[in-house]
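Participant: Here's a sequence, model it:
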Amino acid sequence: MIIPAALSFALFFVEIHGFHRKWKLNFKPFNCASCLASWVALGLFFLPDWVAEVTLVMFASGVLAPLLKLFLDKYYKWATK
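Facilitator: Down below sits the predicted model:
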């Protein structure tokens, strides 16, 4: 549970929204998805289990929504040819 939660948080934070640039945190570990995922995983390890579950639900949906939208857009273009 911790690993997917940390990965989804880091991808959402760094790659999808680029919060590290908006919040002027453009240095490691905040501008590196793998570095941030490692530190978030360490933090989630010491927190109660429900924190990792909430993190996973919130940020995995935030990562999967744009991917699903991209897939549906490409499928729509393909299907309407």
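
Participant: I'd like to know which helix or strand in the protein has the lowest mean pLDDT.
Facilitator: When each helix and strand of the chain is scored by mean pLDDT, DSSP states H and E, helix 19-22 comes last, with a mean of 89.

Participant: for this structure, which spans come out with low pLDDT?
Facilitator: Filtered on pLDDT under 70, the chain yields no residues whatsoever.

Participant: what about the helices in it?
Facilitator: Counting by DSSP state H, the segments of the chain that form helices are 2-10, 19-22, 33-46, 49-79.

Participant: Take those and lay them out in TSV including mean neighbour count.
Facilitator: C-betas here are computed from N, CA, C, even on glycine. Converted to TSV, the helices of the chain look like this (neighbours: other C-beta atoms under 10 Å):
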stretch	mean neighbour count
helix 2-10	21
helix 19-22	13
helix 33-46	16
helix 49-79	13
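
Participant: List of residues touching stretch 18-25?
Facilitator: 13-14, 26, 30-31 (C-beta atoms under 8 Å, 6 or more residues apart in numbering).

Participant: doesn't Ala37 make contact with Ala10?
Facilitator: Yes - the criterion here is C-beta atoms under 8 Å, and Ala10 meets it with Ala37 at 3.8 Å.

Participant: In PDB, could you pull the C-alpha coordinates for the least confident helix or strand of the chain?
Facilitator: Extracted C-alpha coordinates of helix 19-22, given in PDB (Å, rounded to 0.1, in the frame of the first residue of the first chain):
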ATOM      1  CA  PHE A  19       4.000  22.000  -8.000                       C
ATOM      2  CA  HIS A  20       7.700  22.100  -7.400                       C
ATOM      3  CA  ARG A  21       7.900  25.000  -9.900                       C
ATOM      4  CA  LYS A  22       4.700  26.700  -8.700                       C
END
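
Participant: Please state the offset of that helix from the chain centre?
Facilitator: Helix 19-22 sits 14 Å away from the centroid of its parent chain (C-alpha atoms, centre = their mean, to the nearest Å).

Participant: what's the answer for stretch 54-69, then?
Facilitator: 7 Å.

Participant: Let the chain start at 59 from now.
Facilitator: Okay, using 59 as the starting number, the last item reads as stretch 112-127.
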